[in-house]
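Colleague: fold the stuff below for me.
(2 chains)
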Amino acid sequence: MEVTLPRATLWRVFWRSLFLQAAWNRRGMQNLGFAYAIAPALRRLYPERERRRAALRRHLSTFNCHPYTAAAIVGGAIHHEERVAAGEEPESAPLEYKQVLQGPLAAVGDGFFWAGLRPFAGALAAVGVLAVGWPALLAVIVLYNAVQLWVRFSLFRVGYRYGDAVVDRLAALSLPAWGARLRSAGTLVAGAGVTLLAARSVGGAGRWATAVAIAAALAGWWVLSRGRRLLPSAYGAMLLGTLLGAALGQLGGGP
Amino acid sequence: MEYLLLAVVAGLAAVERKGFLQAMLSRPVALAPLTGLVLGDLRAGLLLGPPLELLWLGAVNLGAALPPHEALGSAAIVGGAVLAGRSLGTGVTPAVACLTVALVATLAVLGRRTDRTIEEQNVRLAARAESLLERGEFRAALRVNLAGLLLPFAASFVLAPIAAAAAAWLVPSALRRLPALAPPLALGWAALCGFAAAAGARAFRAQNGGQLFVTAVALSALLARMLGIWR
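Modeller: Prediction:
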């Protein structure tokens, strides 16, 4: 018996998958979010309450993945639940699918989105705002969301249609290679922002500002690469900059 | 009224950051201008957003590890700076920005601790969902997921205006008492901006990152000289 879900139900699941981390907890992690997301599909697939309860129960087991790439697993879990409902697969199939894929997909999502695309977009937006103002920010945010929503949606669709084959589709995108490129590009963008930051944020106020910003950038890199912590180092930068300003003021050559 | 607006923006940002969507709206570069806009000072938000974004570029939720709460920190910093600048009648100057960041930035660390506590509290939500499911109340069991959005919202709703109020009170009184402090603080702000760029670049952990960063800094310095931005 072939069981397929109406389009509206799939849309509801996709919408709900955006709340995957709403009740992130130390024990089950994204378990509540996952059950919440897949529930409309289970309602269709299991009209009998007992089977539905069993299905919901299995999707309340511990789950953790990247919130974007998890869309593939939500789709794939429905793919397997359809087969469980039709009696073609054992009840353990959807859980096995989730357990096998959550680690690798989390690694891909963390590496590409959290460590690559999003910080790159952040650095680009920051430098863009300094260079041309808010339109740059708007453009970056729109582009970033076009990419992340497209990836989420297509992973969801491919997961639903092809189940396990979602792995091959994802591999074809070669996200890790793109992540590495974005990390190099992002480093350049952040570095290029130094003089712009100094010029824009302190205004035309001082010829010393740019020199201080450049010195702080180079010293900051050095200090952080020696494993110093972020906020204490930031306070150190502010303090040293202020002291230097006071000293220059005493010498009469101040900003 | 301003504090209520700030509280709502900070609360919504905390929700967008983890519980729903993750569309970059709670990242400092977007949240700072949004907060500025809501408080009637978009310019200040655009001034503060870029350095805060770069400073906290590495604030990323990897696996189960929690980063500092960059959204709470940014909302409170922008709120505090805008209100302090308004009370001084100068707007957000580099000195106001520097003092406000110095006062409020640690809130991001407190925010991380709050996040941790919330995640432990949420274990109870999961248990409640399980028991509702066993009692056959499926809908109620699933709706528990959305209840998880409440605590992050509430924590930022409360903490952001408190920190902003402290800055809005302390920063103007310090600068009124010691007006000579303003020019040196402007250099402190320039130093923080430079440091933020380094922190942002470090966050990428790129191969040969050091060489790339130094090259980019040198090129931008050269360009700034040629264009006359840096005299």
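Colleague: hmm, stretch A:52-60 touching chain B?
Modeller: Yes - for stretch A:52-60, a contact with chain B is found by C-beta under 8 Å from any C-beta of the partner chain, at A:52, A:53, A:56, A:57, A:60. Heads up, the C-betas are built off the backbone N, CA and C, glycines and all.
Colleague: give me the pLDDT value at residue B:231.
Modeller: Here, the pLDDT recorded for residue B:231 equals 64.
Colleague: actually, residue A:255.
Modeller: With respect to pLDDT, residue A:255 has a value of 47.
Colleague: of the residues of stretch A:52-60 next to chain B, which is the most crowded?
Modeller: In terms of neighbours by other C-beta atoms under 10 Å in any protein chain shown, the residues of stretch A:52-60 next to chain B top out with residue A:56 at 22 neighbours.
Colleague: re earlier: can you name the two of the residues of stretch A:52-60 next to chain B that are farthest apart?
Modeller: Farthest apart among these by C-beta to C-beta are A:52 and A:60. That separation is 12.6 Å.
Colleague: distance of residue A:223 from residue B:141?
Modeller: Remark: distance between residue A:223 and residue B:141 (C-beta to C-beta, to the nearest Å) = 50 Å.
Colleague: counting neighbours, go ahead and name the busier of the two.
Modeller: Taking other C-beta under 10 Å, residue A:223 and residue B:141 do not tie; residue B:141 has more neighbours (25 against 20).
Colleague: what's the nearest residue to the more buried one if we skip its chain neighbours?
Modeller: residue B:132 (3.8 Å; C-beta to C-beta, 6 or more residues apart in numbering or on different chains).
Colleague: my read: that neighbour touches residue B:144, true?
Modeller: Yes - using C-beta atoms under 8 Å, residue B:132 is in contact with residue B:144, at 7.0 Å.
Colleague: now the helices: where do they sit in the stretch 1-150 of chain A?
Modeller: A:7-17, A:31-45, A:49-59, A:70-85, A:93-109, A:118-132, A:134-162 (DSSP state H, counting those that start in this stretch).
Colleague: tell me the contacts of the residue of the stretch 1-150 of chain A found nearest chain B?
Modeller: Among all residues of the stretch 1-150 of chain A, residue A:23 sits closest to chain B, at 2.7 Å; criterion: C-beta to the nearest C-beta. When contacts are counted by C-beta atoms under 8 Å, 6 or more residues apart in numbering or on different chains, residue A:23 touches A:32, A:33, B:19, B:122, B:125, B:126, B:144, B:145, B:146, B:147, B:148, B:149.
Colleague: make TSV out of these and add neighbour count.
Modeller: Below are those laid out as TSV (neighbours: other C-beta atoms under 10 Å in any protein chain shown):
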residue	neighbour count
A:32	32
A:33	30
B:19	25
B:122	25
B:125	22
B:126	23
B:144	23
B:145	29
B:146	18
B:147	15
B:148	27
B:149	21
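Colleague: give me the low-pLDDT residue ranges for the chain?
Modeller: I went with chain A, as the question did not name one. A:1-3, A:203-206, A:252-255 (pLDDT under 70).
Colleague: actually it's chain B I care about, not the one you picked
Modeller: B:231.
Colleague: center of it, which residue is that?
Modeller: Closest residue to the average C-alpha location of chain B: residue B:74 at 2.0 Å, with C-alpha atoms, centre = their mean.
Colleague: what strand or helix carries it?
Modeller: In the assignment (DSSP states H and E), residue B:74 maps to helix B:70-88.
Colleague: what of residue A:168?
Modeller: Here residue A:168 is assigned to helix A:166-172, by DSSP H and E.
Colleague: if anything else comes up later, I'll come back, but that's it for now.
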